[in-house]
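> Here you go, sequence then predicted model.
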Protein chains: 4
Amino acid sequence: MLENTIKDIQNLSKKGLETRAKILNAAEKVFGEKGYYEASVVNITQEAEVGQGTFYNYFESKKHVYDELIQQYSRELRITIKEEMKKAITHEEAQRYGFKAFFNWVKDHPALYSIVQQAVVVDQELYRWYYNKLASGFLKSLSQGVQEGEFRETHLETVAYCLMSIGQFLGMRWVFWEGQDVPDEVFDAAMTLVFKGIKKH
Amino acid sequence: MLENTIKDIQNLSKKGLETRAKILNAAEKVFGEKGYYEASVVNITQEAEVGQGTFYNYFESKKHVYDELIQQYSRELRITIKEEMKKAITHEEAQRYGFKAFFNWVKDHPALYSIVQQAVVVDQELYRWYYNKLASGFLKSLSQGVQEGEFRETHLETVAYCLMSIGQFLGMRWVFWEGQDVPDEVFDAAMTLVFKGIKKH
Amino acid sequence: MLENTIKDIQNLSKKGLETRAKILNAAEKVFGEKGYYEASVVNITQEAEVGQGTFYNYFESKKHVYDELIQQYSRELRITIKEEMKKAITHEEAQRYGFKAFFNWVKDHPALYSIVQQAVVVDQELYRWYYNKLASGFLKSLSQGVQEGEFRETHLETVAYCLMSIGQFLGMRWVFWEGQDVPDEVFDAAMTLVFKGIKKH
Amino acid sequence: MLENTIKDIQNLSKKGLETRAKILNAAEKVFGEKGYYEASVVNITQEAEVGQGTFYNYFESKKHVYDELIQQYSRELRITIKEEMKKAITHEEAQRYGFKAFFNWVKDHPALYSIVQQAVVVDQELYRWYYNKLASGFLKSLSQGVQEGEFRETHLETVAYCLMSIGQFLGMRWVFWEGQDVPDEVFDAAMTLVFKGIKKH
DNA sequence: AATGAATGAGAGTTCATTCAT
DNA sequence: TATGAATGAACTCTCATTCAT
């Protein structure tokens, strides 16, 4: 009743949902390729093969699509990583699986990876939110490892940030820039560094 | 005689150099506060207290000032870190001094720190150039440490990227976001992590 | 669907075509009055009573409208002249009709006449193209006159240029400058000059 | 006393006159190459190898140099033609010499030729003045020819404009566009056309 | 639900001209 | 007499957004 111009994902018809999804996918592609500021709404609607006006039936502004992409991405990424980590037995293994999952994600969604990076210019607050959220995932897993005696006691938030940063940069350097998997020797070198640093013995 | 429209840093009068510096400083401030895309040339010239046209006497475009800021920043930062590292005796100490120097730098130049981050959107190539340059600094120092038997043998480029990334994220999290020094417990936790990871014993 | 930003004269709605025409007419008027360089796009959109941005929905740039005006003008003029010449019996008569048609055209479209002249500064190539096109019309008619024995043999391209230039200058001097018809005595004097010059006896 | 900022060609030192001439020559070249509107004052001062400010010591504005060039050109051209025509015996010969002189002039001063053409956009009034002046030269010579019985009676102003226009276009077509002399067959064809048209028998 | 024509605020940039030195 | 640094008005063009259909 309050919102008669759509935008509310609820009461959308099936067709409406499809159109919305087309736009969102187009936005992902276009933002990924051109960057938020170089990308225009027209670019997006053309990519989506819908009219210019249609965009505003589903999103309040260019910024709103961007926000939605990041939030969606963030959620999916964290779920994926968590799922993957569950398969492990030790916490070390879990961390390894987590890294692997992240690298695969970047390889499969380079556009979204880029979009997140762009938040540093587009919306600092969102950027901080994203990394804090990601770090808190690491933190949880780490503190379990400590409780169970697998990792030594230390300032865990710091370590969480360290691990996250390593994942971030290796993903950037080898996966995003080169468009390949992280090479085994790189992965191993990084893991050895990390686990020598945090394991109890 | 001959050259009236400037842009060449050489043969600039004293007054010209001052004006140029005013604009560069203003650009640093404005880009830092508003981000590259939200910042307009007018914002910069107003901050610099010069006329709009004056900007174009000294820089070919908005992008050119930006590039200059990054390159200048990059050079100064690397020199500062190197100077600081020289004061150390062991390589571990050198690395610690390096990190400290970097954190101080971020604290003193938050705007420039932000500007570099923005390159991820503004100019990917510049962004890669910056990090590769920075990483190669770490690499050099590390391989010396290995040669002299202080650090263990490993895939050094990876480790360089890991160290750089840790510095980057801790600097972001504690210095840039909070505007304070990296707390001692954080610094120690990170250094312990790192050196347990790379030292020989 | 698909094409939102226009510029293609095809698939334009009726309203779109109207707007485009309004802009084109306004441009003709404004270029005619102020000249290409003194005329601004704002001048044109104000004359057309549309928003500034609307201009760029229909033309890529100020130069593009200009080109279109010239080409349209050139085509229409040549068709008009040809139509008029067809009504004649002898080739002398045909030439006379052609000149008359040209002078009438200038009287009816002084702005367009001026716009063509401006090409000498705005776009030399276009200027040459226009006059070569016009001269080739004269040439065709002349060589027929020669073949049929009405005109004497001579270097026809030269004569074509001479006739064209006479039309051009009389049109400028009496029609464009004074805003009147070419006076009879002027017309007769010029025609006599010309036909004494080219007729066989 | 009235004018203390120079600009008055009178009380100029020898050096001043030289500087003024340098600027005028540079302006001729630059206007000729780029056209009045595309040419900037900086272009001119750089070509003249003087400072930007120096320009305004000798000319009130960009437009003033332009005016001066045209007037100077017009005067010199008319003198040159007149001198040349004096060498002839018959009036027909005089006209031929006049045309020749004009074509040579265009060949030697293509930049000035172009500058005059540009007046059609830059300053209509100047443009009309120039052509009226030129036509009146033809007129004088023609009416003498009539008085002395060499040319037939006719509407002389018209014929003057016709002759002038022919010279103008042949000069443009063969000399200015092609950068060569008017070919003999073209020259002869044009002269034959003209003199069959105006001579008594 | 879908469209695309219309818009105007605001961007980056140019350049004729001024003026202190 | 010569200079070039400084200026701001004015330009062309872009684009997120609105709205009538």
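Yep, that arrived. Numbers count the residues shown, from 1 in each chain, chains lettered A, B, ... in the order given.
> tell me, what residue is most central in chain A?
A:Ser74 (4.2 Å; C-alpha atoms, centre = their mean).
> what's the following helix or strand after the one helix or strand it maps to?
In the assignment (DSSP states H and E), A:Ser74 maps to helix A:62-86. Using DSSP H and E, the helix or strand that follows helix A:62-86 in sequence is helix A:91-108.
> buried ones in that next one?
Buried residues in helix A:91-108, defined by neighbour count with 16 or more other C-beta atoms under 10 Å in any protein chain shown: A:91-92, A:94-107. Using the backbone N, CA and C atoms, a C-beta is placed for each residue, glycine as well.
> Is the helix or strand hosting A:Ala27 positioned near DNA strand F?
Counting by DSSP H and E, the element that carries A:Ala27 is helix A:14-34. No: among the residues of helix A:14-34, none lie within reach of DNA strand F under C-beta under 7 Å from any atom of the strand; the closest is 9.3 Å away.
> Give me the next element, helix or strand, following that helix.
In N-to-C order, the element after helix A:14-34 by DSSP H and E is helix A:41-48.
> thinking again about what came up before, per-residue pLDDT, the closest residue to the residue nearest to the centre of chain A other than its chain neighbours?
Once flanking residues are discounted, A:Ser74 sits nearest to A:Tyr130: 5.5 Å by C-beta to C-beta, 6 or more residues apart in numbering or on different chains. Note for A:Tyr130: predicted pLDDT of 92.
> just A:Asn11 next, same as before
Per-residue pLDDT puts A:Asn11 at 78.
> any idea which element the residue in chain A positioned nearest to DNA strand E lies in?
Per C-beta to the nearest atom of the strand, A:Gly53 is where chain A lies closest to DNA strand E, at 1.5 Å. Counting by DSSP H and E, the element that carries A:Gly53 is helix A:52-58.
> Mind giving me the packing neighbours of that helix?
Counting contacts by 3 or more C-beta pairs under 8 Å, 6 or more residues apart in numbering or on different chains; DSSP states H and E, helix A:52-58 is packed against helix A:14-34, helix A:41-48.
> With mean neighbour count, mean pLDDT and distance to chain D added, can I get these in TSV?
Putting these into TSV (neighbours: other C-beta atoms under 10 Å in any protein chain shown; pLDDT from 0 to 100; distance: least, C-beta to the nearest C-beta, whole Å) gives the following:
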stretch	mean neighbour count	mean pLDDT	distance to chain D
helix A:14-34	17	95	33
helix A:41-48	20	96	32
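> can you redo those helices as JSON lines with distance to B:Val186?
JSON lines is the format used below for these (distance: least, C-beta to C-beta, whole Å):
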{"stretch": "helix A:14-34", "distance to B:Val186": "34"}
{"stretch": "helix A:41-48", "distance to B:Val186": "41"}
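> D:Lys140 is nearest to which of the ones you listed?
Closest of those to D:Lys140 is helix A:41-48, at 64.8 Å (criterion: C-beta to C-beta).
> Could you check the angle that closest one makes with helix A:62-86?
50 degrees (axes from the mean of the first three to the mean of the last three C-alpha atoms, to 10 degrees).
> with the buried residues of helix A:91-108 in mind, which one is nearest to chain B?
Closest approach to chain B among the buried residues of helix A:91-108 (C-beta to the nearest C-beta): A:Phe99, at 11.9 Å.
> The closest one contacts A:Met164, doesn't it?
No: using C-beta atoms under 8 Å, A:Phe99 is not in contact with A:Met164; the gap is 10.2 Å.
> A:Ile81: neighbouring residues, count only.
Residues near A:Ile81, counting by other C-beta atoms under 10 Å in any protein chain shown, number 24.
> quick one on the thing from earlier: in the helix holding A:Ser74, what's buried?
Residues of helix A:62-86 classed as buried by neighbour count (16+ other C-beta under 10 Å): A:62, A:65-70, A:73-74, A:77, A:80-81, A:84-85.
> low-confidence ranges in chain A?
Residue ranges of chain A with pLDDT under 70: A:1-7, A:201.
> What residues does A:Thr80 make contact with?
Counting by C-beta atoms under 8 Å, 6 or more residues apart in numbering or on different chains, A:Thr80 makes contact with A:101, A:105.
> Quick check: A:Tyr97 touching A:His91?
No: here A:Tyr97 does not reach A:His91: they are 10.4 Å apart, not a contact under C-beta under 8 Å.
> so what's the residue nearest to the centre of chain A up against?
Counting by C-beta under 8 Å, 6+ apart, A:Ser74 touches A:116, A:130, A:133-134.
> Whichever strand or helix holds A:Arg128 to helix A:62-86, inter-axis angle?
Using DSSP H and E, A:Arg128 sits in helix A:124-147. For helix A:124-147 against helix A:62-86, the angle by the same axes, to 10 degrees is 10 degrees.
> which element follows helix A:124-147 toward the C-terminus?
According to DSSP H and E, the helix or strand after helix A:124-147 is helix A:156-170.
> Between A:Phe99 and A:Met164, which contacts overlap?
If you check A:Phe99 and A:Met164 against C-beta under 8 Å, 6+ apart, no residue is contacted by both.
> circling back to that earlier point, report all helices and strands that the helix holding A:Ala27 contacts.
Contacts defined by 3+ C-beta pairs under 8 Å, 6+ apart place helix A:14-34 against helix A:41-48, helix A:52-58, helix A:62-86, helix A:110-122.
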